[in-house]
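> next come a sequence and a model predicted from it.
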Amino acid sequence: MEQKVALITGASRGIGKACAQALAQEGFLVAIHYRSQEAAAREVAVGIPGAKIFQADLSQEDSCKELAKNVKEAFGRIDVLINNAGMSIDQLITFAKPSEFDQILDVNLKSVFNLTKAVSRVMIKQKSGRIINVTSVVGHTGNAGQSMYAASKGAITAFTKSIAADLASFGILANCVAPGFIKTDMTDALPAEAQEGILSKVPLKRLGSPEEVASCVRFLASEGSSYITGSTLHVNGGMYTN
C-alpha cells in the first residue's frame with residue numbers, strides 16, 4: 001500500500017514542526033514547507049525519514065501552484081494538507097495601516113485559498129484527502145490589538161465550513177484546529193507581567209505546547225476522524241469552548 005503524504009506549511013518551527021514530527025510517527029511521508037528558514041527546515045527533515053523540504057512564498061498565487069505541483073511530482077500524491085503558515089501584525093485599529101491588513105490577508109488567508117485550490121485538484125483525482133487549517137482562538141473571541149489577525153483567522157473558519165460542503169462528495173474532509181496561547185520563543189521572551197496576564201485568561205493556568213496542537217492535527221488526519229468535516233477543534237485550555 002502506498003504511503004500517504006502530508007504537506008505542512010510553515011513546518012520549519014513551532015506548531016508546523018510538531019505536526020511534521022507527529023504525522024511522521026503515524027507513517028506519513030512529509031513535505032516540509034518553509035519560506036525563508038532553510039537551515040531550520042533541513043534540520044527538521046533530517047529527523048524524519050523520507051521527508052523533503054520545499055520553499056515557497058505563500059503570499060503569491062503562482063508560488064502556491066508551484067508548491068502543490070512540486071510536492072505532487074516528488075511524492076506522487078498529496079493526502080493531507082495542513083495550512084499552518086501565518087503571521088500577525090498587532091496594532092490598534094486606529095493606527096492600523098491598509099498595507100498591513102493587505103499583507104496579513106495575503107499570507108494568512110489568500111495563501112489558504114490558493115494552496116487549497118491547487119491541492120484539492122490532486123485530492124479530487126484521488127477521491128480522498130484531508131485539509132486541516134490551523135486558525136486561532138482569537139478568530140472566535142477577538143482580541144484587543146489583533147483585529148487584522150483575528151479577521152484573517154475568522155475568515156479561514158468560514159472558508160473551511162464552505163469547502164467542507166464543496167468537497168465532501170469527493171471523499172475530502174476539511175476541518176480547523178484553533179490553538180489558544182501556545183508556548184513559543186515569542187511567549188518565552190515576554191515579561192513576567194505579560195505572561196501572568198495571558199495565564200489569567202486560561203482556566204488550565206498554563207500555556208499549551210506545539211505538541212498538544214499537533215496531536216489534534218494528527219487525529220484529524222487519521223481514520224479515526226472519518227465522519228468529521230466542517231468542524232473546528234479548539235485547543236485552548238478552556239478559554240473558549242463553543
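Good, I have the coordinates.

> how about the strands of the protein, start to end?
5-8, 29-34, 52-55, 80-83, 129-134, 172-179, 232-235 (DSSP state E).

> for the most centrally placed residue in the chain, which residues are in contact?
Nearest to the mean C-alpha position of the chain, by C-alpha atoms, centre = their mean, lies N84 at 2.0 Å. Applying C-beta atoms under 8 Å, 6 or more residues apart in numbering to N84 gives the contacts 8-11, 15-16, 19, 134. Any C-beta I mention is one placed from the backbone N, CA and C, and that applies to glycine too.

> off-centre distance for the least confident helix or strand in the chain by mean pLDDT?
Taking mean pLDDT, DSSP states H and E as the measure, the helices and strands of the chain show their lowest mean at helix 185-188, namely a mean of 71. Computed by C-alpha atoms, centre = their mean, to the nearest Å, the chain-centroid distance of helix 185-188 equals 19 Å.

> show me which positions of it end up buried.
Buried positions in helix 185-188, judged by neighbour count with 16 or more other C-beta atoms under 10 Å: none.

> can you list the residues that contact that helix?
With C-beta under 8 Å, 6+ apart as the criterion, helix 185-188 contacts 181, 195, 198, 207.

> what bridges to N83?
N133 (DSSP bridges).

> grab the longest helix from the protein for me.
In the chain, with assignment by DSSP state H, the single longest helix is helix 147-167.

> any idea how far S200 is from I8?
If you measure I8 against S200 using C-beta to C-beta, to the nearest Å, the figure is 32 Å.

> the longest helix of the chain vs strand 172-179, what angle?
160 degrees (axes from the mean of the first three to the mean of the last three C-alpha atoms, to 10 degrees).

> tell me the average confidence for helix 147-167?
For helix 147-167, the mean per-residue pLDDT is 97.

> all helices of this protein, in order?
Going by DSSP H, the chain shows helices at 14-25, 38-46, 61-75, 98-104, 111-126, 138-141, 147-167, 185-188, 192-199, 210-221.
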